[in-house]
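Asker: I would like the atomic coordinates for the input below:
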Amino acid sequence: MGGVLDDTGEVASTSLVADLHRAEYVSLVRLARLLLDDVATSEEVVQDAFVAFQLRWRTIREPDKAAAWLRSAVLNGARSQLRKRRVRERLLPRGGVTDGPPADRGALAADEHRRVVEALRQLPRRQQEALVLRFYLELNERETAEAMGVSAGSVKTHVHRGLAALTPLLEEDDR
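Answerer: Just a heads-up that it's a prediction; the model follows:
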């Protein structure tokens, strides 16, 4: 069977990676997109996660957790992109050239969805991540905890606080 050389010079199972890519790619891009609001960067983060997985597939002791590993890698990649974005924004002179709205802004399906996403982005990062994983990707608490690298109790706290913070933000938009 053909494959790609990993960092030890061995051929990695392209079947495992290809199957995961088919099954998880769209939801991983959606996850990154909700956090980054940029399709191209979201796709890049997901591809980087798959490349890292391809190189490290032999170190994953439980193949059934590969999807969780990829979600964690995507979350970490999105966090990194957000940090880079904040640094760029601080370094840009006031009134300087900034990135405009994403070209695909009109692609958001409905006004309600856009309002929820905008309100979600006002929350602290951990609350955003918890809500996105629980309600957009429909992960259970354990899977969410694994993806975020926190306990299930922390997930419950972040979800509860996130929902409590979202309610007034969305009601404010209704006025």
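
Asker: what are the ranges of the strands in this structure?
Answerer: Per DSSP state E, the chain carries strands over the ranges 3-5, 11-13.

Asker: And those, which one averages the lowest pLDDT?
Answerer: Least confidently modelled of the strands of the chain is strand 3-5, at a mean of 42 by mean pLDDT.

Asker: Distance of Val87 relative to Ser80?
Answerer: According to CB to CB, to the nearest Å, Val87 and Ser80 sit 11 Å apart. C-beta: built from backbone N, CA, C; applies to glycine.

Asker: Which pLDDT value goes with the closest residue to Thr41 other than its chain neighbours?
Answerer: Once flanking residues are discounted, Thr41 sits nearest to Gln81: 5.7 Å by CB to CB, 6 or more residues apart in numbering. If you check Gln81, the pLDDT there is 89.

Asker: Now do the most centrally placed residue in the chain against Glu171, distance only.
Answerer: The residue lying closest to the centre of the chain (CA atoms, centre = their mean) is Ala32, at 3.2 Å. With distances taken as CB to CB, Ala32 is found 28 Å from Glu171.

Asker: do the same with Arg71
Answerer: Counting by CB to CB, the gap from Arg71 to Glu171 is 31 Å.

Asker: Same check on Arg125?
Answerer: Taking CB to CB, one finds Arg125 at 23 Å from Glu171.

Asker: Same question for Leu16.
Answerer: From Leu16 to Glu171 the distance is 46 Å (CB to CB).

Asker: of the two, who's got more company?
Answerer: Under the neighbour definition other CB atoms under 10 Å, Leu16 and Glu171 were set side by side, and Leu16 has more, 16 against 10.

Asker: quick one, what contacts that one?
Answerer: By CB atoms under 8 Å, 6 or more residues apart in numbering, Leu16 lies in contact with Trp57, Pro63, Ala66.

Asker: what about burial for these, which qualify?
Answerer: Listed as buried from the contacts of Leu16 are Trp57, Ala66; burial here means 16 or more other CB atoms under 10 Å.

Asker: what packs against the lengthiest helix in the chain?
Answerer: Secondary structure of the chain per DSSP state H: the longest helix is helix 66-91. Identification of packing neighbours for helix 66-91 by 3 or more CB pairs under 8 Å, 6 or more residues apart in numbering; DSSP states H and E yields helix 14-36, helix 39-56, helix 125-131, helix 141-148.

Asker: Just give me how far that helix sits from the chain centre.
Answerer: Relative to its parent chain, helix 66-91 has a centroid offset of 8 Å by CA atoms, centre = their mean, to the nearest Å.
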